[in-house]
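1. 3D model of this:
(2 chains)
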Amino acid sequence: MLNKLYSKSKQEKHLVRALTGGAAAAEALRQIQPDVMAVYPITPQTPIIETFAKMKADGKVNAEIIQVESEHSAMSAVVGAQAAGARTVTATSSQGLALMHEILYIASGLRLPSLMYVSARALSAPINIHGEHGDVMAVRDSGWIQIFAQNAQEVYDLGFIGLKLAEETRFPVMVVMDGFQTSHTTERVELLPDDEIEDFVGVYQPQNFLLNLKNPVSFGPLALQDSYFDFRVDQQKDFLKTKNEFQRICRDFGREFQRHYDFFEEYETKDAKEVIVIMGSVAGTVKEVVDRLREKGKKVGVLAVTLFRPFDYQKIGEKLAHAKRIAVLDRAMSVGAYPPLYTEVVNGVYHATGRKIEVASYTYGLGGRDTFQKQIEKVFADLEKGNISDRVKYLK
Amino acid sequence: MNKKLTEKLAPGHSTCAGCGIPAIVRTVLGATEDPIIVASATGCLEVTTTIYPYTAWKVPFIHNAFENAAATMSGVEAAQKILLKKGKIKKKAKLVVFGGDGGTTDIGLQSLSGALERGHDFLYVCYDNGGYMNTGGQRSGATPYGADTETEPAGKESFGKVRQRKDLMEIINGHGLKYLAQASVGNLADLEKKARKALEIEGPTFLLVLQPCTQVWKYPTSQYVNVAKLAVETNFWPLYEIEDGKYKINYINENPKPIEEFLKTQGRFKHLFKNPDNQHVIGEIQRAVEENVARLVKKSQIS
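-> Next up is the predicted model:
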């Protein structure tokens, strides 16, 4: 699979390594060369910051690491450092992301382009340290761009795309990997040369910042009834525009490094009658199943969502318009409602086609539970048979 | 208005008549000629100085949230350090954080504690008006014993706050700071001296400044300096500093006025005088004041 993605000429320069998703994230952060990292340990994010801290100890990065006393302070320090004019990064998971919640909105509202790696993990209670998307879904309205990686290679690549997107659009970006399945699993990762990354990400040039002492600015004003609403509408308008920027940067990245990203990865979807929509590491499992079913002559495919926020309803609708039946697999629960990705896909399909396509909702992998190929086969079999209802099914 | 006074905080803010916060801010910021970056917790100072589209700040200013002013400044400080090191900026600014007692003693204590332990180079100034005044006068961990507040009101079966204030100076001192001091808006020369000292020291420093609130303490707007002075003259608010662990008393009244002199100036203690059942509270406040003075004197003699 991977070979298809890389041209021979570039590949010679690439360094192939066996890395976990966490280590790939740390390597990307090293090459980004941030000025400040503010961090607090939490499983399964910790390997990222530990690896980065060792890089600093070995003189491989020239950055200030602030070892804060909580994730709330981590995000608060990120806001301070980024507003001061520094390229600033952090990483977290689960309860940590939940604790940052309040300040996530502020980072976005103040238009601070920080980069955060999230090792997505279940939320308490009961406590569980394993992978799911519940933590990331809980902050989907916070004004952060959310990019989902399927594997360690994508964790690495999307870090550069994410940082560039953040700094060019002045919105914060989180790059999400599945806790443990991606963060702790060793995979083949092709690294890129430091100087080419340096050229690609460029130098951070803030517009307004605290350390520009000649031009004092006030961050975080009080906006009342006469202006708050307008701030929010402006934020929404600008945020939606980041979709185009994301595509442009992905194209630049593809041209430069021959690895291609877009809003979605379409795998065998062109003529597919039954399509699964999914995000994160289990997309790989679905691709395996698709390959097997295709051998048997079944017209099945998978659409893996990379850019979840902002969400392109029109595009996903167009991509799925030809499908007869769709299953959306969510790795999160929206208690008392349909799961988040399902809701977006239904919206998108209706938006683009104006007709009702049968869309089934499945929830899988909560709290790190494995999802097996036979469960995915069952989903495709359900779709083929038209075994679809309004009820959310659980791939337990 | 004195031009020098408004060099960093312009007169166009909207604090209440009789509020001492601007005097505290201007005195502290006036204690250095160096460039300054200010951070503020959510609270009176922040809401009255940054109503969009205006700002009263002539120096770089950041407000993040209520409980994280110290963590926010940690980020600014780290950014300044590394950008100086990388040669991306040339000048080093002094960093000053302001927070009320709610944002410091209560909700922001963890953030402040973490920042102090990490040793970031900034001055944190807590303007202490003994409650949540920006939200209308609720009790905080710094509200004095016996005070009437919106959330622990005096009534038929209550004399107001039943617990003593947190001793924030001792809590901060537990972090091993090189310098911290207690000051009052009624004694600005003393405050300026302390701010100058604090700003010259590298590493975290701390000032706890008494700031009477005309609205919630309930006294005439012309009286804030007098009320602050009475707090000092009755020894309710001794002026002292702790330098390298050594206590130094700047002012304790050897013949203090009785605490009633301070209490009776304010509506928040009115119920202690009106209701004979509350008489004991005044005695208890007096005793606590005397014990505190004795403790400080002893500490200053030891060190």
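
2. Show me which residues of the stretch 101-250 of chain A are close to chain B?
-> Applying the criterion CB under 8 Å from any CB of the partner chain, the portion of the stretch 101-250 of chain A that neighbours chain B consists of A:102-103, A:106, A:210-213, A:216-224, A:227. C-beta: built from backbone N, CA, C; applies to glycine.

3. Surely A:Ala18 forms part of a strand?
-> Yes: secondary structure assignment (DSSP: H, G, I helix; E, B strand; the rest coil) places A:Ala18 inside a strand.

4. In helices, which of the residues of the stretch 101-250 of chain A next to chain B fall?
-> Taking DSSP state H as the definition of helices, these contribute A:Glu102, A:Ile103, A:Ile106.

5. could the residues you listed go into JSON lines alongside neighbour count and pLDDT?
-> As requested, these are arranged in JSON lines below (neighbours: other CB atoms under 10 Å in any protein chain shown; pLDDT from 0 to 100):
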{"residue": "A:Glu102", "neighbour count": "17", "pLDDT": "98"}
{"residue": "A:Ile103", "neighbour count": "25", "pLDDT": "98"}
{"residue": "A:Ile106", "neighbour count": "24", "pLDDT": "98"}
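
6. Nearest to chain B: which residue in chain A?
-> Sorted by distance to chain B under CB to the nearest CB, the residues of chain A start with A:Gly80, at 2.7 Å.

7. pLDDT value on the residue lying closest to B:Leu84 once chain neighbours are set aside, please?
-> Distances taken as CB to CB, 6 or more residues apart in numbering or on different chains place B:Lys92 nearest to B:Leu84, at 6.2 Å, with adjacent residues excluded. At B:Lys92 the predicted local distance difference test score is 98.

8. Neighbours of the residue of the stretch 1-150 of chain B found nearest chain A, how many?
-> Nearest residue of the stretch 1-150 of chain B to chain A, counting by CB to the nearest CB: B:Gly75, 2.7 Å away. Taking other CB atoms under 10 Å in any protein chain shown as the neighbour definition, B:Gly75 ends up with a count of 35.

9. Provide the secondary structure category for the residue lying closest to A:Tyr261 once chain neighbours are set aside.
-> Take A:Tyr261 and drop its neighbours on the chain: the residue closest to it by CB to CB, 6+ apart is A:Cys250, 4.3 Å away. Reducing the assignment to helix, strand or coil with three-state DSSP, the entry for A:Cys250 is helix.

10. what's the neighbour count on A:Cys250?
-> Here the neighbour count serves as a burial measure; for A:Cys250 (other CB under 10 Å) it reads 22.

11. cool, B:Thr32 as well?
-> Applying other CB under 10 Å, I find that B:Thr32 has 18 neighbouring residues.

12. got the residue ranges for the helices in the stretch 51-200 of chain A?
-> Counting by DSSP state H, counting those that start in this stretch, residue ranges of the helices within the stretch 51-200 of chain A are A:71-84, A:94-109, A:134-137, A:152-169, A:194-201.

13. Out of these, which is the most enclosed?
-> When you average the neighbours per residue for each of the helices of the stretch 51-200 of chain A (mean count of other CB atoms under 10 Å in any protein chain shown), helix A:71-84 leads with a mean of 32.

14. Show me what that helix is packed up against.
-> Applying 3 or more CB pairs under 8 Å, 6 or more residues apart in numbering or on different chains; DSSP states H and E, one finds that helix A:71-84 makes contact with strand A:36-39, strand A:64-67, strand A:88-92, helix A:94-109, strand B:61-63, helix B:69-85, helix B:109-118.

15. Show me what stretch A:233-243 is in contact with.
-> By CB atoms under 8 Å, 6 or more residues apart in numbering or on different chains, the surrounding residues in contact with stretch A:233-243 are A:Ser108, A:Gly109, A:Gly143, A:Ile145, A:Leu165, A:Thr169, A:Arg170, A:Phe171, A:Phe263, A:Leu307, A:Pro310, A:Asp312.

16. and with 10 Å instead?
-> Stretch A:233-243 is contacted by residues A:105, A:108-109, A:111, A:143-145, A:165-166, A:168-171, A:173, A:249, A:263, A:307, A:309-312, A:314-315 when judged by CB atoms under 10 Å, 6 or more residues apart in numbering or on different chains.

17. same question, stretch B:149-165
-> Outside of stretch B:149-165, the residues that reach it under the criterion CB under 10 Å, 6+ apart are B:101, B:105, B:128, B:130-133, B:135-148, B:216, B:268-272, B:274-275, B:277-282, B:284-285, B:288, B:292.

18. sorry, back to before: on the three-state scheme, the residue nearest to B:Leu84 is what?
-> coil.

19. same check, this time on the one 3 residues further on
-> When the structure is reduced to helix, strand and coil (three-state DSSP), B:Leu95 reads as strand.

20. Go ahead and confirm B:His280 touches B:Tyr145.
-> No: shown here, B:His280 and B:Tyr145 do not form a contact pair, counting by CB atoms under 10 Å, at 11.5 Å.

21. Neighbours of B:Gly136, how many?
-> Applying other CB under 10 Å, we find 12 other residues in the vicinity of B:Gly136.

22. which residues touch it?
-> B:Thr149, B:Glu150, B:Thr151, B:Gln215, B:Val216.

23. Does the second one lie in a helix or a strand, and which?
-> Secondary-structure assignment from DSSP states H and E places B:Glu150 in no helical or strand segment.

24. Pass me the low-pLDDT residue ranges in chain A, would you?
-> By pLDDT under 70, the low-scoring segments of chain A are A:1-14.

25. Tell me how it divides into domains.
-> As recorded under automatic domain parsing, the domains making up chain A are A:11-257, A:264-395.

26. in the stretch 201-303 of chain B, what residue is nearest chain A?
-> Distances from the stretch 201-303 of chain B to chain A, computed as CB to the nearest CB, single out B:Pro204 as the nearest residue at 13.7 Å.

27. what pLDDT does that residue get?
-> Listed pLDDT for B:Pro204 reads 98.

28. List phi and psi for it.
-> Per-residue torsions, B:Pro204: phi -70, psi 140 (degrees, to the nearest 10).
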